[in-house]
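> Sequence first, then the predicted structure:
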Amino acid sequence: MQVFVTGASGVVGRAAVRALVDDGHDVRGLVRSREAARVVSGLGAEPVAAELFDGTELAEAMRGCDAVANLATKVPVGSAALRPGSLREIDRLRIRGSRIVAAAARRAEVEVLVHQSLSFVYADAGEDWIDEDGLVEVSRATEPVVVAEDHMEAFTRDGGRAVCLRLGLVTGTDPNTAWQVRRAASGRAFTLGDPRSWMHVVHPDDAGSAVAHALQAPAGIYNVGSDPVRRGEYAAVVASVAGGPPPRPLPAWVRRVGAEKLEILTRSQRVSSQRFADGTGWTPTRPVLSASWLTTPDRERARG
């Protein structure tokens, strides 16, 4: 298939491009800079310069493609999430950008649209398992995610096939994980929520392979992640990689300042990805969180 990827030079985008190329697909990656073009080209894809918010230009860039993977995102890193307006850009991508991408894909007569979503939208379920029929709790922080999924459903209603992947917290070779490791190494707090509560996590490589598998999935919403992990266990893994002291939670006032931005990071979400696995044959290569997810050659040398 000919696949067009937005966000191709991002964390999940790079992993998706690699997976798609490895599966034999011809890939075009949307880029906005020379550095991004070098990254995408190095992964074996064709870089295409276009403006994501220009529907006409975007549709022309998609012309001839069988599928589009909408992976464009802009996640604030670490404490930057607490700043006023920190979600403005990512919300714009989710609310306006996703609508433009879907409309451009229809105009270019693309058959399949894969969209990166988040499992943070589920309500706190305590110890209960959560599947795709689980209760969604909409807040100021999650509303843009739900709006973007609505745009994907509209694409399906118009005759296409949209597949939304509700990813767990991307953990591994990404800037936010690196921020947590630095905090842990210096003995500063980096965790939120009850250490006994559940988290839904996914390694970037497994998120990327899920995009490739989604090309054959029936239209709908699917959870994508590894086995759920307790927050305390997650924090212990980060601390072990950092070589710092035992983890301690961020003070309560941080959550109050972060309000709804941080509330979604404290929900207990024991999410199952079984439906996607059964429907597509996808399985995570890293099914259980471990220090190997976070370990890079540079970190190994620093610890040695």
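Right, received. Where do you want to start?
> which SS state does Ser98 fall under?
helix (DSSP: H, G, I helix; E, B strand; the rest coil).
> how about it, what does it touch?
Each residue near Ser98 by Cβ atoms under 8 Å, 6 or more residues apart in numbering is listed here: Asn70, His115, Val147, Ala148, His151, Met152. The C-beta positions use only the backbone N, C-alpha and C, and glycine is treated the same way.
> residue ranges with poor pLDDT in the stretch 51-200 of the chain?
Low-confidence segments of the stretch 51-200 of the chain (pLDDT under 70): 76, 78-87.
> Strands of that one, start to end?
Using DSSP state E, counting those that start in this stretch, the strands found in the stretch 51-200 of the chain span residues 67-70, 112-118, 129-130, 161-167, 169-170, 198-199.
> Reformat those strands as CSV; add mean neighbour count and distance to Phe53.
Shown next, in CSV, are these (neighbours: other Cβ atoms under 10 Å; distance: least, Cβ to Cβ, whole Å):
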stretch, mean neighbour count, distance to Phe53
strand 67-70, 30, 13
strand 112-118, 25, 16
strand 129-130, 18, 33
strand 161-167, 26, 20
strand 169-170, 22, 24
strand 198-199, 26, 33
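> In CSV, list the ones you listed along with distance to Arg96.
Shown next, in CSV, are the strands of the stretch 51-200 of the chain (distance: least, Cβ to Cβ, whole Å):
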stretch, distance to Arg96
strand 67-70, 12
strand 112-118, 14
strand 129-130, 29
strand 161-167, 17
strand 169-170, 23
strand 198-199, 30
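> what about the ones you listed, which gets the closest to Arg270?
Closest to Arg270 of the strands of the stretch 51-200 of the chain, according to Cβ to Cβ: strand 198-199, at 4.0 Å.
> quick one: whichever helix or strand comes after the closest one to chain centroid distance?
As assigned by DSSP states H and E, the chain's next helix or strand after strand 198-199 is strand 201-202. Chain-centre distance of strand 201-202: 9 Å, with Cα atoms, centre = their mean, to the nearest Å.
> And stretch 172-191, by the same measure?
18 Å.
> ends of that stretch, how far apart?
The first and final residues of stretch 172-191 sit 16 Å from each other (Cα to Cα, to the nearest Å).
> So what touches it?
With Cβ under 8 Å, 6+ apart as the test, stretch 172-191 has contacts from 11, 75, 77-78, 170-171, 203-205, 231, 234-235, 238-239, 241-245, 247-251, 286, 293-294, 296, 299.
> related to what we said a few turns ago, out of the strands of the stretch 51-200 of the chain, which is closest to Gly220?
Gly220 lies closest, by Cβ to Cβ, to one member of the strands of the stretch 51-200 of the chain: strand 161-167, at 6.7 Å.
> taking the contacts of stretch 172-191 one by one, which sit in strands?
Under the assignment DSSP state E, the contacts of stretch 172-191 contribute Val170 to strands.
> Select only the buried ones of the contacts of stretch 172-191 in PyMOL?
Applying 16 or more other Cβ atoms under 10 Å to the contacts of stretch 172-191, the buried members can be selected in PyMOL as follows:
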select buried, resi 11+75+170+171+203+204+205+231+234+235+238+239+241+242+244+247+249+250+286+293+294+299
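> Helices along the stretch 201-304 of the chain, start to end?
204-214, 231-242, 252-258, 260-263, 274-280, 297-303 (DSSP state H, counting those that start in this stretch).
> tell me the mean pLDDT for the last one?
Right, the one you point to is helix 297-303. In this model, helix 297-303 carries a mean pLDDT of 39.
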